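*Asks:* here is my input; please provide its structure:
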Amino acid sequence: MIFLTAFRAVSRPNRLSVRGPLCLPLLFLGACARFGGGAAPLTVALPPSAVAPAAAPTVEAPEVAPAPADRATPDEVVRTAVAVFGGDSALLQPAVRPIGDAGDAAADADAYSTADAIEEPLWDLDVRSYETHDRVEHYVGLFSTGRGRETFSARLSRGTRYEPMIRAKLRAGGMPEDLTYLALIESGYDPHAYSRAAAVGMWQFMSGTARGVGMRVDWWVDERRDPARATDGAIRFLRDLQKQFDGSLYLAAAAYNGGPGRVARGLTRFAGELDGTAGDDRFFALAEQDYLRAETKNYVPQLIAAALVAKMPTRYGLVIDSLPLYGYDSVLVAAGTALGSVAAATGATKLELRDLNPAILRGIAPPDADVWVRIPAGTAERARWALDSMPEEERLGYHVRPVVGTSTTPTRFADQHGLTLKQLRAFNPTMKSTRKGRLVAGQSLRIPTALALSYARDIPDPSIERYGGSSPTTLTSRGIHVVKRGESLGAIAKRYGTTVTRLKTLNGMKGSRVMAGQTLRVRSGSSAATTSTAKKSTAKKSTAKKSTAKKPTVQKSTAKKKTASSKKKTPPR
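*Replies:* A predicted model of the protein is given here:
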């Protein structure tokens, strides 16, 4: 199956050049979404016959307006988006009023590039009720003045590449489109963002949570770095959080940042203080208590401020540069296929292939599965033909060599094949060695090609998670469990030797419903500390016993030496 975006746009100074009969109306929809207008631009699946030929003439939006018969209507785009992304078509209808005349392509292009085309933007988040809050005003000032304005403008410019895709997916998932600004404040729309806590990607997922919402995160593939897959996961997670917190998007956002368990416990603990508040007001009431971390207290005000400034850039003096929109074809490749071989099959550059496939970490498709690799739009048929006719030894990114004998070290084996030890380990994460550091004989190891190595990424182990400091620890050791798909609260309680009632109390839960990716505290902080202290105490006692046991042995050995010495010094009788 071939996926092709309906967007084929390239940036030019002060002008957007577009290709294909569907692009102008879609560009109009993008303008509406960016400045509070109608439906967001949508990434759609088109049959090959619907794709404009490569030699089609360039149509300059300000000079030529296509005939109505050649224009895709919003309803047609909605139906296509539902086919690609799923969901109810009712959820895809414009939530805000359009700007200008949809038939005026020149006006639409101008509206996309300047906020002066509208008097007042609209939001599908409640920002107006809280725009005078002191923390919101603080972040509005931070984002719109000095160096903060430069940073914010640069991040918004990066977001022009991904925002239409994110908005389309949010709308298809029944979520407010302006939640796109969560990705802005989380990472600045950076697919490779990496936090001190080892949260990764545009939406800053921890590995356990990412797996819980259906993403693949392992040594070979990390879908947290994939803008489209990570957006799908974020929407699932946010939708479940919104349900958990009675429809409040701002409590859901706070839980996205600080954890649903902590927010739920806070609502229970301060129920009296929050009495009389409802909806999103409950977040601000909870934030006034000395409970949430400072980062979580400021998270929602940042989201509101980002939405205010991003939709009125000229009012705040921001200059936004538009990047080429995120679009691609996809081709299914066999396990172990090198990205370099895919590049050769499509005529793409290394930069293009790496940019379109940030989730492929080692320069090859994972050795255990066929995967869809993204390629430049319009190259799918050529790629499929070229890959099918390519010899396997040329297509694969490695060849396999056995370990012979029992005296070979990993370093020596790597040297024999022109690799560094780090490169050998990168392509053989399960490499087996003896206690003496020798390779186990008989195992087969992958020897990566130079082409595969040139596409590989030098990144930390995706399984690392850090909590409360820089040293990596496991969630379990901190008394935290990440809910997996299909798990129930009863099954989790049984696993950890506790009760459902106890788990609900620890996590401030009213009901027993849990969702994939949710983190649950399975024992209290004091219990975890007691366990840790007990382990340390046991270790100390064990060390003391060993030390005590060694002393008599040393004394005995000394006594023997003295006796032997005295015999030597005593003359024979």
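*Asks:* now the helices: where do they sit in the stretch 301-450 of the chain?
*Replies:* Assigned by DSSP state H, counting those that start in this stretch, the helices in the stretch 301-450 of the chain fall at 339-346, 350-356, 380-388, 392-395, 410-416, 421-426, 450-455.
*Asks:* flag every buried residue along the second one.
*Replies:* Buried residues in helix 350-356, counted by 16 or more other C-beta atoms under 10 Å: 352-354, 356. Where you see a C-beta, it was placed from the backbone N, CA and C, and this is true even at glycine.
*Asks:* looking at the residues you listed, which is nearest residue 337?
*Replies:* Residue 337 has its nearest neighbour among the buried residues of helix 350-356 in residue 353, at 11.7 Å by C-beta to C-beta.
*Asks:* I'd like to know how far that closest one sits from residue 345.
*Replies:* Computed as C-beta to C-beta, to the nearest Å, the residue 353 to residue 345 distance reads 10 Å.
*Asks:* repeat for residue 255
*Replies:* Taken as C-beta to C-beta, the span from residue 255 to residue 345 is 44 Å.
*Asks:* what about the two, which has more around it?
*Replies:* Between residue 255 and residue 345, counting by other C-beta atoms under 10 Å, residue 255 is the more crowded of the two (27 against 24).
*Asks:* surely that one and residue 266 touch.
*Replies:* No: contact criterion C-beta atoms under 8 Å: residue 255 and residue 266 do not qualify, at 10.0 Å.
*Asks:* what residues of stretch 332-347 count as buried?
*Replies:* The neighbour-count check on stretch 332-347 (16+ other C-beta under 10 Å) flags 333, 336-346 as buried.
*Asks:* hang on, I meant stretch 239-257
*Replies:* For stretch 239-257, burial by neighbour count (16+ other C-beta under 10 Å) applies to 239-242, 244-245, 248-257.
*Asks:* what number of residues lie near the nearest residue to residue 522 once chain neighbours are set aside?
*Replies:* Among residues not flanking residue 522 along the chain, residue 496 sits closest, at 4.4 Å (C-beta to C-beta, 6 or more residues apart in numbering). Neighbour count for residue 496, taken as other C-beta under 10 Å: 15.
*Asks:* out of the helices of the stretch 301-450 of the chain, flag the one nearest residue 191.
*Replies:* Comparing these by C-beta to C-beta, helix 350-356 comes nearest, at 8.9 Å.
*Asks:* what sits up against that closest one?
*Replies:* Helix 350-356 is contacted from outside by 328, 339-340, 342-343, 346, 373-376, 454-455, 457, using C-beta atoms under 8 Å, 6 or more residues apart in numbering.
*Asks:* stretch 273-282 too?
*Replies:* If you take C-beta under 8 Å, 6+ apart as the criterion, stretch 273-282 is touched by 126, 129-130, 247-251, 267, 285-286, 288-289.
*Asks:* now with 7 Å?
*Replies:* By C-beta atoms under 7 Å, 6 or more residues apart in numbering, the residues outside stretch 273-282 that reach it are 126, 248-251, 267, 285-286, 289.
*Asks:* and what of stretch 337-348?
*Replies:* Identification of contacts with stretch 337-348 by C-beta under 7 Å, 6+ apart yields 333, 349-350, 353, 357, 360, 363-365, 373, 375-376, 379, 382-383, 386-387, 390, 394-397, 449, 451-452, 454-455.
*Asks:* what's the domain layout of this protein?
*Replies:* The chain breaks down into these domains under automatic domain parsing: 1-122, 124-191+226-322, 476-523.
*Asks:* residue 183: which of the buried residues of stretch 332-347 is nearest?
*Replies:* Out of the buried residues of stretch 332-347, the member with the shortest distance to residue 183 (by C-beta to C-beta) is residue 339, at 25.3 Å.
*Asks:* need the pLDDT of the nearest residue to that closest one once chain neighbours are set aside.
*Replies:* Closest residue to residue 339 apart from its sequence neighbours, by C-beta to C-beta, 6+ apart: residue 455 at 4.3 Å. Listed pLDDT for residue 455 reads 97.
*Asks:* so for residue 189, which of the helices of the stretch 301-450 of the chain sits nearest?
*Replies:* Closest among these, using C-beta to C-beta: helix 350-356, at 13.6 Å.
*Asks:* for the closest one, output the C-alpha coordinates as PDB.
*Replies:* As requested, C-alpha coordinates have been extracted for helix 350-356 and formatted as PDB (Å, rounded to 0.1, in the frame of the first residue of the first chain):
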ATOM      1  CA  LYS A 350      21.000  10.100   3.100                       C
ATOM      2  CA  LEU A 351      19.700  13.300   4.800                       C
ATOM      3  CA  GLU A 352      16.200  12.700   3.300                       C
ATOM      4  CA  LEU A 353      16.000   9.100   4.400                       C
ATOM      5  CA  ARG A 354      17.300   9.800   7.900                       C
ATOM      6  CA  ASP A 355      15.000  12.700   8.300                       C
ATOM      7  CA  LEU A 356      11.900  10.600   7.200                       C
END
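*Asks:* show me the shaky parts of this protein.
*Replies:* For the chain, the stretches with pLDDT under 70 are 1-119, 465-478, 485, 508, 510, 515-517, 524-573.
*Asks:* what about the residue nearest to residue 339, how many neighbours?
*Replies:* Number of residues near residue 455 (other C-beta under 10 Å) recorded here: 24.
*Asks:* looks like it contacts residue 365 (just checking).
*Replies:* No: between residue 455 and residue 365 there is no contact, the gap being 11.0 Å when judged by C-beta atoms under 7 Å.
*Asks:* what do these two both touch?
*Replies:* Residues touching both residue 455 and residue 365 (C-beta under 7 Å, 6+ apart): none.
*Asks:* what are the buried residues along stretch 482-494?
*Replies:* Of the residues in stretch 482-494, 482-483, 487, 489, 492-493 count as buried by neighbour count, 16+ other C-beta under 10 Å.
*Asks:* tell me which residues touch residue 387, please.
*Replies:* Residue 387 makes contacts with 333, 345, 395, as judged by C-beta under 7 Å, 6+ apart.
*Asks:* and with 10 Å instead?
*Replies:* Residues counted as contacts of residue 387 (C-beta atoms under 10 Å, 6 or more residues apart in numbering) are 331-334, 337, 341-342, 344-346, 373, 395.
*Asks:* equivalent analysis for residue 301, please.
*Replies:* Applying C-beta under 10 Å, 6+ apart, we find residue 301 in contact with 130, 133-140, 185, 250, 283-284, 287.
*Asks:* where do the strands sit along the chain?
*Replies:* With DSSP state E, the ranges of strands along the chain come out as 9-12, 15-18, 59-60, 329-333, 371-375, 398-402, 444-448, 480-482, 519-521.
*Asks:* just put those in a markdown table and tack on distance to residue 261.
*Replies:* Putting the strands of the chain into a markdown table (distance: least, C-beta to C-beta, whole Å) gives the following:
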| stretch | distance to residue 261 |
| --- | --- |
| strand 9-12 | 43 |
| strand 15-18 | 46 |
| strand 59-60 | 54 |
| strand 329-333 | 37 |
| strand 371-375 | 34 |
| strand 398-402 | 43 |
| strand 444-448 | 41 |
| strand 480-482 | 8 |
| strand 519-521 | 6 |
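*Asks:* and the ones you listed: which comes nearest residue 223?
*Replies:* Among these, the nearest to residue 223 by C-beta to C-beta is strand 371-375 (10.4 Å).
*Asks:* can you pull the buried residues of the closest one?
*Replies:* Neighbour-count burial for strand 371-375, counted by 16+ other C-beta under 10 Å, picks out 371, 373-375.
*Asks:* one step back: neighbour-wise, which one of the contacts of residue 301 leads?
*Replies:* When neighbours are counted by other C-beta under 10 Å, residue 283 leads the contacts of residue 301 with 30 neighbours.
*Asks:* how far away is that residue from residue 220?
*Replies:* Per C-beta to C-beta, residue 283 is found 39 Å from residue 220.
*Asks:* check residue 459 too.
*Replies:* When residue 459 is compared with residue 220 (using C-beta to C-beta), they lie 12 Å apart.
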